[in-house]
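Peer 1: what shape does this take:
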Amino acid sequence: MPKKTKTKQKKVVSKKSGTKKKVVTKRVARKQRDVSSSMSKHYVIANWKMNPATVADAKELFLGVRPFAKKYPSIKTIICPPTVFLDSVRKLYTTSASLALGIQDISSEKSGARTGEVSVSQAQSTGASYTLIGHSEVRARGDSLEAINKKMRLAHASRMTAVLCIGERERDEHGAFYEEIAEQIQTALSSVPQEDLVYTLIAYEPIWAIGKGEQYAMTPADVHEMTIFVKRILHELYKNPYVLTVPILYGGSVGENNIHALMQEGGISGVLVGGVSLNIDTFGAMLATITG
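Peer 2: Here you go, the predicted structure:
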């Protein structure tokens with residue numbers, strides 16, 4: 001008997017739709033590769049807050065920190081000085097994979113009559129590629145959940161990496177603070193597509209632990225528990241294990257004596273620090289400890 005010849009079914013796809021699908025697929029794949037590569041890095045974000053006192057002091061501090069940042073390429077060091085110092089610091093900054101500049105907050109509007117605020121485009125023009133969003137001190141001054149969500153979407157639209165700050169004011173024995181954390185994440189990421197998470201870091205800072213000294217910092221085990229909870233919320237929002245690669249940082253009385261245990265046992269990708277980042281030697285010692 002003659003062999004039957006298999007006829008290949010040819011799938012008909014319009015040239016236009018096929019091209020569009022390929023472009024989208026390539027873009028998503030590229031972003032996923034970017035996130036995967038970012039996970040191999042640790043992050044240390046230095047929030048200088050309203051310090052130091054003068055532009056001369058800011059330059060001196062940055063020049064002191066810069067060699068340490070370049071010495072440890074496995075760490076992404078992000079310096080967030082006061083906005084008025086950003087441009088001056090940028091002039092001392094050369095493009096580096098291990099060092100970047102950030103701004104402490106952005107406006108929830110692109111432009112307009114917003115006295116004292118800084119837009120995303122203005123921040124980027126002064127050298128910032130990262131921005132803190134939803135820091136507890138800004139929330140305390142009236143930043144609403146809606147405003148934080150708008151800031152997240154504006155940052156993503158401009159391809160600026162948003163560092164979403166979350167954290168409870170106090171802990172209760174019934175665990176109601178978990179609902180507070182979940183709401184902060186859910187509202188901040190409302191209408192944020194999964195592919196934009198490549199421009200997102202999440203920094204968990206329990207307000208009750210900020211600036212109190214290392215003895216008040218959370219234990220590595222408690223930090224790890226919260227890290228797992230944050231990842232669970234992300235998975236519930238996006239239904240995709242890809243979102244578990246979003247870097248999660250911890251902030252709250254981090255110092256050179258507890259940073260190693262927090263990094264090793266807390267399940268975090270880095271830290272957000274405040275006052276300790278104003279001491280050049282201590283900050284350098286922290287970076288060395290992470291890599292040690």
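Peer 1: can you map out the strands along this structure?
Peer 2: 42-47, 75-80, 99-103, 130-133, 161-166, 200-204, 248-250, 270-273 (DSSP state E).
Peer 1: can you redo those strands as JSON lines with mean pLDDT?
Peer 2: Formatted as JSON lines, those follow (pLDDT from 0 to 100):
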{"stretch": "strand 42-47", "mean pLDDT": "98"}
{"stretch": "strand 75-80", "mean pLDDT": "98"}
{"stretch": "strand 99-103", "mean pLDDT": "98"}
{"stretch": "strand 130-133", "mean pLDDT": "98"}
{"stretch": "strand 161-166", "mean pLDDT": "98"}
{"stretch": "strand 200-204", "mean pLDDT": "98"}
{"stretch": "strand 248-250", "mean pLDDT": "98"}
{"stretch": "strand 270-273", "mean pLDDT": "98"}
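Peer 1: please convert those to a markdown table, extending it with mean neighbour count and distance to Ala288.
Peer 2: All C-beta atoms are positioned from the backbone trio N, CA, C, and that covers glycine. Formatted as a markdown table, these follow (neighbours: other CB atoms under 10 Å; distance: least, CB to CB, whole Å):
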| stretch | mean neighbour count | distance to Ala288 |
| --- | --- | --- |
| strand 42-47 | 24 | 11 |
| strand 75-80 | 24 | 10 |
| strand 99-103 | 22 | 16 |
| strand 130-133 | 25 | 23 |
| strand 161-166 | 25 | 23 |
| strand 200-204 | 25 | 22 |
| strand 248-250 | 26 | 19 |
| strand 270-273 | 26 | 14 |
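Peer 1: okay if I get the ones you listed as CSV plus distance to Gly116?
Peer 2: Formatted as CSV, these follow (distance: least, CB to CB, whole Å):
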stretch, distance to Gly116
strand 42-47, 19
strand 75-80, 17
strand 99-103, 14
strand 130-133, 16
strand 161-166, 20
strand 200-204, 24
strand 248-250, 27
strand 270-273, 23
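Peer 1: of all the ones you listed, which one comes closest to Arg153?
Peer 2: Proximity of the strands of the chain to Arg153 was assessed by CB to CB; the nearest stretch is strand 161-166, lying at 9.1 Å.
Peer 1: how big is the angle separating that closest one from strand 42-47?
Peer 2: With axes from the mean of the first three to the mean of the last three CA atoms, to 10 degrees defining the directions, strand 161-166 sits at 80 degrees from strand 42-47.
Peer 1: give the pairing partners of strand 161-166; include direction for each.
Peer 2: Next to strand 161-166 in the sheet, as set by DSSP bridges, lie strand 130-133 (parallel), strand 200-204 (parallel).
Peer 1: can I get the CA coordinates of the shortest one in CSV?
Peer 2: Okay, so that is strand 130-133. The C-alpha trace of strand 130-133 is given here as CSV (Å, rounded to 0.1, in the frame of the first residue of the first chain):
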residue,chain,number,x,y,z
TYR,A,130,15.2,56.0,41.0
THR,A,131,12.6,57.5,43.2
LEU,A,132,11.2,56.7,46.6
ILE,A,133,7.4,56.6,46.7
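Peer 1: list of residues touching that strand?
Peer 2: By CB atoms under 8 Å, 6 or more residues apart in numbering, the residues outside strand 130-133 that reach it are 45, 47, 78, 80, 100-106, 120, 123, 138, 148, 151-152, 155, 160-165, 188, 201, 203, 272.
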